[in-house]
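> Below is the sequence, then the predicted model.
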Amino acid sequence: MRAFLISALRSGLRGHSFHAVFLLGLLLIGGAYLAALFSPRQPETVALDVGLSGIRFALVLMAVFWVQELVGKEIERRTTIQYLAYPIHRAQYILGRFSGITILLLVATITLALLLWILVIASSTYYAQSHPGALGYPFWITIIGVWLDVVVVAAFTLCIAALSTVPALPLVLGIAFALAGHTLGAVMDYLARGADGQDVLTTTYAPMINVVRWLVPDLSRLDWRIWPMYDLPMPSGSIMLAFSMAAGYVTLMLCIAVHLFSRREFD
Amino acid sequence: MPFIHRVCSNQLLPILLLAAVLVFVTTTARLEKLHRPSVQAEMQVALPVFVQIFLAGGDRFLAANTTVFRSLIVSTDNNQSDRYITQGRLQSDAAWMNPYHEDNYYLAAATLPWNGQVDAAQKVLALASNARPFDMLPPFYYAFNQYYFNQDPIGGAEWLSIAEQHATEETNRINLHKLAAKWTEKSQDRAQALKILNIMAAQSRYRSLKLKILQRAERVRHLMMIDAAISDYQKQFHKIPENLSALVDSGHLKRIPDDPLKKGYTIDVQGKAQPITPPKK
């Protein structure tokens, strides 16, 4: 398993798609600085807000591309068959790769977050907003939430890669899953508040959403940016609950991935 | 491919290059003169909140930021009242997506009620007030709108007491308390409106928005000036002047002030100066 982890780290950092997406992440953080210039009253908060959105977007792409390159493409190129010729359990391959991707994502998250942190401090130098945010530990706890969010996306994409025979399927479904997971919370909230009196929307979508919420996790629960942005702590227990929900879903996805991959027959 | 080979080897390449430069330069020059659709056209469309969040990749905070930026840019260059209906809806949506957003409630307070969108402004301010217990401004602006636009001093005073709970400084708490007491006794007060607009302008870092607020303040100053002239006219002639020219003719007003928002002023049936509002569609 350790060998698969180390090789995942090496290949992951060498990949062209990683470099492209990392560059995109840097550009998005730069965009956050420009967005702050638009804000009449809270440049620091806007820089942080837009920057966190940018980091999350770039990391989702990184997670999906890494799974695609380190598992999907290896299956497609039949490199995996060579690995599996050794006397190892197939779970070691899946878990090794997943651990490697998780560490890669952690390094990328910390690097981008550090850049954003510096940029937010820089954006607060030309205008002292009346209600400054909390850039200490609340910021870093929020960053852990962002990392957990993309780890969930990576676990789901890995699960798809373990069974998929279509090369681009993990990529497409991984992105669709992230989009659905991020939108789900807002949609449930909107419907729960009566959808601005649009009864048709409530009656049509509420039953569907009730099913979807048991299949796709509500990833917006891992978004704790209100804390660093407005210095308003999250409701007690909500972070722990969201953390447990994410851990549970990741474990579930890994179990399914291991099961599917163990039963998979390679020609 | 043989064609490309022929072009490159038969010295046609420089001619092609020259032709391309010519086409590029002429089209760019012509395009510059072409009428560009106004940015305000964006404000004619407000997408459903679902779609706004989906387009932002499921990120409600990003969707809120995009909407606020859109409203911010357009509101500083917008003199058409029907566009404010869309802006009001967009800002209400942004407040639902991120009720904590300071720029959103500030922009709503600074532009919407002054353009007939009092309900939308109050919705944004109520959500912000609930989300930001550390900030006295959203309930304060809500109170002011209730007092000045909805002519409900009692409702305004109630919201002032919420602002008082949000205020962190003792001086602010005392002043808000005094003001609440005063409001329960008074009705529409233009001097108060002028004071609040000047405070809002002073707090704005965004130059064009600041200018816009100062224009509103200028307008209120003009209305106060005309009100004073009407009052003097009534004392002398015991009737409401027919129009503004009557005030100039009688010498109570030096000249009709130029409305910075280019709509002009009129006198209503109660004998109070009002800005001219375009007929509702």
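Sure thing, it's come through.
> Could you give the number of residues near A:P132?
Neighbourhood size, A:P132 [other C-beta atoms under 10 Å in any protein chain shown]: 14. For every residue, glycine as well, the C-beta is placed using N, CA and C.
> For the stretch 1-150 of chain B, which residue gets nearest to chain A?
B:G58 (2.8 Å; C-beta to the nearest C-beta).
> and that residue, which of the three is it?
Classification of B:G58 by DSSP: H, G, I helix; E, B strand; the rest coil places it in coil.
> Tell me the confidence at it?
For B:G58, the model assigns a pLDDT of 84.
> Which strand or helix spans residue 208?
All of this refers to chain A. Using DSSP states H and E, A:M208 falls within helix A:199-212.
> looking at chain B here, not the other one
helix B:207-237.
> Going by neighbour count, list what's buried in that helix.
B:209-210, B:212-223, B:226-227, B:229-230, B:233 (16 or more other C-beta atoms under 10 Å in any protein chain shown).
> tell me what the helix or strand following it is packed against?
With elements assigned by DSSP H and E, the helix or strand that comes after helix B:207-237 is helix B:244-249. Here helix B:244-249 touches helix B:207-237, strand B:265-267, going by 3 or more C-beta pairs under 8 Å, 6 or more residues apart in numbering or on different chains; DSSP states H and E.
> The helix holding B:S208 - contacts with which helices or strands?
With contacts taken as 3+ C-beta pairs under 8 Å, 6+ apart, helix B:207-237 sits against helix B:60-75, helix B:102-111, helix B:190-203, helix B:244-249, strand B:265-267, strand B:273-275.
> for chain A, longest helix please?
helix A:90-123 (DSSP state H).
> close enough to count as contact, A:L24 and A:A58?
Yes - using C-beta atoms under 8 Å, A:L24 is in contact with A:A58, at 5.4 Å.
> Between those two, which has more neighbouring residues?
A:A58 (23 against 15).
> helix or strand for that one, which one?
Assigned by DSSP H and E, A:A58 falls in helix A:43-67.
> Okay, angle between that helix and helix B:102-111 too, please.
Interaxial angle, helix A:43-67 versus helix B:102-111 (axes from the mean of the first three to the mean of the last three C-alpha atoms, to 10 degrees): 130 degrees.
> Give me the distance between the very next helix or strand once past helix A:43-67 and the centre of its chain.
Downstream of helix A:43-67, the next assigned helix or strand under DSSP H and E is helix A:73-76. Offset of helix A:73-76 from its chain centre (C-alpha atoms, centre = their mean, to the nearest Å): 22 Å.
> Excluding its own residues, what touches the helix or strand that comes right after helix A:73-76? List them.
Following helix A:73-76 in sequence order, the next helix or strand is helix A:79-84 (DSSP H and E). Contact with helix A:79-84 is made by A:4, A:74, A:90, A:93, A:266, as judged by C-beta atoms under 8 Å, 6 or more residues apart in numbering or on different chains.
> Please repeat the previous calculation with a cut-off of 10 Å.
Contacts with helix A:79-84, where a contact means C-beta atoms under 10 Å, 6 or more residues apart in numbering or on different chains, come from A:3-4, A:7, A:71, A:73-75, A:90, A:92-93, A:96-97, A:261, A:264, A:266-267.
> Quick check: residues of the stretch 151-267 of chain A near chain B?
A:175, A:178-187, A:189-191, A:193, A:195-196, A:198, A:201, A:205, A:219-220, A:223, A:225-226, A:229-232 (C-beta under 10 Å from any C-beta of the partner chain).
> Just those residues: which are in helices?
Counting by DSSP H, these place A:175, A:178-187, A:189-191, A:201, A:205, A:226, A:229-230 in helices.
> Roughly how far does the residue of the stretch 151-267 of chain A found nearest chain B sit from A:A176?
Residue nearest to chain B within the stretch 151-267 of chain A (C-beta to the nearest C-beta): A:H182, separated by 2.8 Å. A:H182 sits at a distance of 11 Å from A:A176 (criterion: C-beta to C-beta, to the nearest Å).
> who touches both of those two?
A:V216.
> more neighbours, these two?
Between A:H182 and A:A176, counted using other C-beta under 10 Å, A:H182 has the larger neighbour count: 28 against 12.
> Contact partners for that one?
A:56-57, A:60, A:149, A:153, A:216, A:218-220, A:222-223, B:53-54, B:56-60, B:62.
> 7 Å instead?
Residues in contact with A:H182 (C-beta atoms under 7 Å, 6 or more residues apart in numbering or on different chains) are A:219-220, B:57-59.
> A:W140: what's its closest spatial neighbour, skipping adjacent residues?
Distances taken as C-beta to C-beta, 6 or more residues apart in numbering or on different chains put A:A113 closest to A:W140, at 7.5 Å, once the chain neighbours are dropped.
> thought that neighbour was touching A:I143?
Yes - the pair A:A113 and A:I143 qualifies as a contact (C-beta atoms under 7 Å) at a distance of 4.4 Å.
> picking that back up, kindly reformat the helices and strands packed on helix B:207-237 as CSV and extend each row with mean neighbour count.
Formatted as CSV, the helices and strands packed on helix B:207-237 follow (neighbours: other C-beta atoms under 10 Å in any protein chain shown):
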stretch, mean neighbour count
helix B:60-75, 23
helix B:102-111, 27
helix B:190-203, 16
helix B:244-249, 16
strand B:265-267, 18
strand B:273-275, 17
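> picking up where we left off before, can you turn the buried part of the residues of the stretch 151-267 of chain A next to chain B into a ChimeraX selection?
To isolate the buried ones among those in ChimeraX, judged by 16+ other C-beta under 10 Å, type:
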select /A:175,178,179,180,181,182,183,184,185,186,187,190,191,195,201,205,219,220,223,225,226,229,230,231,232
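> ok, which residues in chain B are in contact with chain A?
B:49-50, B:53-54, B:57-62, B:65, B:69, B:72, B:100, B:102-103, B:106, B:134-135, B:204-206, B:209 (C-beta under 7 Å from any C-beta of the partner chain).
> now the stretch 51-200 of chain B, which segments are flagged as low pLDDT?
Residues of the stretch 51-200 of chain B meeting the criterion pLDDT under 70: B:74-82, B:181, B:184-188.
> same check, this time on the stretch 51-200 of chain A
Applying pLDDT under 70 to the stretch 51-200 of chain A picks out residues A:196.
> repeat that with 90
A:69-97, A:119-136, A:162-168, A:183-200 (pLDDT under 90).
> mind listing what B:A109 touches?
B:121, B:125, B:141.
> Top of the residues you listed by number of neighbours, please.
The most crowded member of those is B:L125, carrying 29 neighbours; neighbours defined as other C-beta under 10 Å.
> What strand or helix carries that residue?
Here B:L125 is assigned to helix B:118-131, by DSSP H and E.
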